[in-house]
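S.K.: Build me a structure from this.
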Amino acid sequence: MPKLRVLVVDDEPQIHRFLGPALAAAGYDTVRVETGRQALAEIARRPPDAVVLDLGLPDMEGQEVLEKARQFYLGPILILSARDRELEKIEALDAGADDYVEKPFRVGELLARLRVSMRRQQRGEAPPPVIQAGDLVIDLPRRLVTRGGQPVRLSPKEYDLLAKLAEADGKVLTHRELLVSIWGPAHADDTQYLRVFIGQLRQKIEADPASPKLILTQPGIGYRFMSDEIARPAE
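M.R.: Numbers count the residues shown, from 1 in each chain. Okay, the predicted model is just below:
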């Protein structure tokens, strides 16, 4: 069985020095490029199974590379981003990025995010009918949520929010994406409104709402749901 190919787009030699061997050890073939133009040419010439894309490139913005690539490439794109560029992360996710990892990053975290994105792609984005996280079970066809075998009483909007997060399979969803999809465009900027509903959900499904393990906050960006199937970052 041929190895999956990962295109790494970054102009920092040290990134390639440690990321290339790590990807190889994880069973991937790695293709290395350092500019946006090289990345677009490589994706068009021989589409990889996934792309790891830095937002800071010498010849063009990573955001532009992402937008152009999305015109003809449907595979997973994982963004590398500096910690203080929250707006760039949001714009990248809204433009079609599958996930992001902050620089500096742990290789284990990047590999976990990459596995999740590639698995989601391989199954065609369709979520499993039943999602389990510990003793929490979300039965999507029946719109039924149980915890420890007991029904969890959720309002329709609470259920829609939980289902939206769970169906994303570990992918971070931005505040705007959640608000527009659940409450409509008129609530696109009501982040406090969303925060209240997230708090209500945590009270009902988390073992310790003050230290959530299922619905995780991505500061300044949005939220992601962690099921038992999602690989958590290695230490």
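S.K.: quick one: the strands in the chain?
M.R.: 5-9, 29-33, 50-54, 77-82, 99-103, 130-133, 136-139, 144-147, 150-151, 173-174, 215-218, 222-225 (DSSP state E).
S.K.: Taking strand 50-54 as reference, get the angle to the worst-scoring helix or strand of the chain on mean pLDDT.
M.R.: Least confident helix or strand of the chain, by mean pLDDT, DSSP states H and E, is helix 107-122 with a mean of 84. Inter-element angle recorded for helix 107-122 and strand 50-54: 130 degrees (by axes from the mean of the first three to the mean of the last three CA atoms, to 10 degrees).
S.K.: which helices and strands does helix 107-122 pack with?
M.R.: If contacts are counted by 3 or more CB pairs under 8 Å, 6 or more residues apart in numbering; DSSP states H and E, helix 107-122 sits against helix 13-25, strand 50-54, strand 77-82, strand 99-103. Where you see a C-beta, it was placed from the backbone N, CA and C, and this is true even at glycine.
S.K.: Pipe the strands of the chain into a markdown table and attach mean pLDDT per row.
M.R.: Listed next are the strands of the chain as a markdown table, based on pLDDT from 0 to 100:
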| stretch | mean pLDDT |
| --- | --- |
| strand 5-9 | 96 |
| strand 29-33 | 95 |
| strand 50-54 | 96 |
| strand 77-82 | 89 |
| strand 99-103 | 88 |
| strand 130-133 | 88 |
| strand 136-139 | 94 |
| strand 144-147 | 95 |
| strand 150-151 | 94 |
| strand 173-174 | 94 |
| strand 215-218 | 94 |
| strand 222-225 | 94 |
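S.K.: who wins for proximity to Q200 among those strands?
M.R.: Among the strands of the chain, strand 215-218 comes nearest to Q200, with 10.9 Å by CB to CB.
S.K.: which residues are in contact with the closest one?
M.R.: Residues outside strand 215-218 that contact it (CB atoms under 8 Å, 6 or more residues apart in numbering): 165, 172, 198, 201-202, 205-206, 223-226.
S.K.: Partner strands of that strand, with direction?
M.R.: Within its sheet, strand 215-218 is paired with strand 222-225 (antiparallel), according to DSSP bridges.
S.K.: Could you list the alpha-carbon positions for stretch 66-80 in PDB?
M.R.: The C-alpha coordinates for stretch 66-80 follow below in PDB (Å, rounded to 0.1, in the frame of the first residue of the first chain):
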ATOM      1  CA  LEU A  66      -5.000  28.700   0.600                       C
ATOM      2  CA  GLU A  67      -7.600  30.500  -1.400                       C
ATOM      3  CA  LYS A  68      -6.000  29.600  -4.700                       C
ATOM      4  CA  ALA A  69      -5.500  26.000  -3.800                       C
ATOM      5  CA  ARG A  70      -9.100  25.600  -2.700                       C
ATOM      6  CA  GLN A  71     -10.200  26.400  -6.200                       C
ATOM      7  CA  PHE A  72      -8.900  23.000  -7.400                       C
ATOM      8  CA  TYR A  73      -7.700  21.000  -4.300                       C
ATOM      9  CA  LEU A  74     -10.200  19.400  -2.000                       C
ATOM     10  CA  GLY A  75      -7.700  17.600   0.300                       C
ATOM     11  CA  PRO A  76      -6.900  18.500   4.000                       C
ATOM     12  CA  ILE A  77      -5.000  21.700   4.500                       C
ATOM     13  CA  LEU A  78      -3.400  22.200   8.000                       C
ATOM     14  CA  ILE A  79      -2.300  25.800   8.800                       C
ATOM     15  CA  LEU A  80       0.900  26.700  10.800                       C
END
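S.K.: How about it, which residues are buried there?
M.R.: Within stretch 66-80, the residues that count as buried by 16 or more other CB atoms under 10 Å are 66, 68-69, 73, 75-80.
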